[in-house]
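[1] Return a 3D structure for these sequence lines:
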Amino acid sequence: MTEELADECDNLIMPWLKQRTKDEIFSLCRENKIPFAPLRTIDELLKDPQLEARTFFVDVDRKETGRIKYPGAPFKLSRTPWAIEQGAPRLGEHNEDVFVRRLGFSKEQLVTLRQSGVI
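    Take a look at the predicted model:
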C-alpha cells in the first residue's frame, strides 16, 4: 500500500474511530466477525471481564514488595492444575547459580564482575 493510499484510508477511518470508545469498537468488530483486539492499559487488563472470569491474575506475596498481582496460567488443564510457586526473580538473584555453578566462573570472578558493573 502506498503512503498516499494509507493516508486516504486514515482520513476515512479516523473520524469514525474518534467518535467511539475502544470497547464500542471491540464490540462492533466481534458482532461483525472482524479480527480485532484493543490495546489495553495495565488497569484495564486487571479489570478485564474475561481475564477475571478465568482468574488469570493471581496474588503473590513478596517480602520486598508485599502482595502483587502476577499473570497466571496462559491456559487451564483439567488433569494438571497450575499453581504459582514463587514470584519472578529479583535482578541478580540467580547470578551465583548461573555464573559459578553453571558457567564455571570462580566466586572471585563473580565478585570482579559485580565490582566492574558487568552484572
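[2] per the record, what domains does this structure have?
    Annotated domains of the chain cover 1-39, 40-88, 92-119 [automatic domain parsing].
[3] any idea which of those scores lowest on pLDDT?
    Lowest mean pLDDT of those: domain 40-88, a mean of 87.
[4] any idea whether Val60 is helix, strand or coil?
    Assigned with DSSP: H, G, I helix; E, B strand; the rest coil, Val60 falls in the strand class.
[5] need the contact list for it.
    Applying Cβ atoms under 8 Å, 6 or more residues apart in numbering to Val60 gives the contacts 67-70, 84, 86-87. To be clear about C-beta, it is placed using only N, CA and C from the backbone, and glycine gets the same treatment.
[6] Distance of the closest residue to Ala73 other than its chain neighbours relative to Phe56?
    In space, and not counting its chain neighbours, Ala73 is closest to Trp82: 3.7 Å by Cβ to Cβ, 6 or more residues apart in numbering. As judged by Cβ to Cβ, to the nearest Å, Trp82 and Phe56 stand 11 Å apart.
[7] Of the two, give the one with the bigger neighbour count.
    Legend: neighbour count by other Cβ atoms under 10 Å for Trp82 and Phe56, higher for Phe56 (18 against 11).
[8] Look up the closest residue to that one, ignoring the ones flanking it.
    Closest to Phe56 by Cβ to Cβ, 6+ apart is Gly72, at 5.0 Å.
[9] got the phi/psi numbers for the one you found?
    Dihedral pair for Gly72: phi -100, psi -150, per degrees, to the nearest 10.
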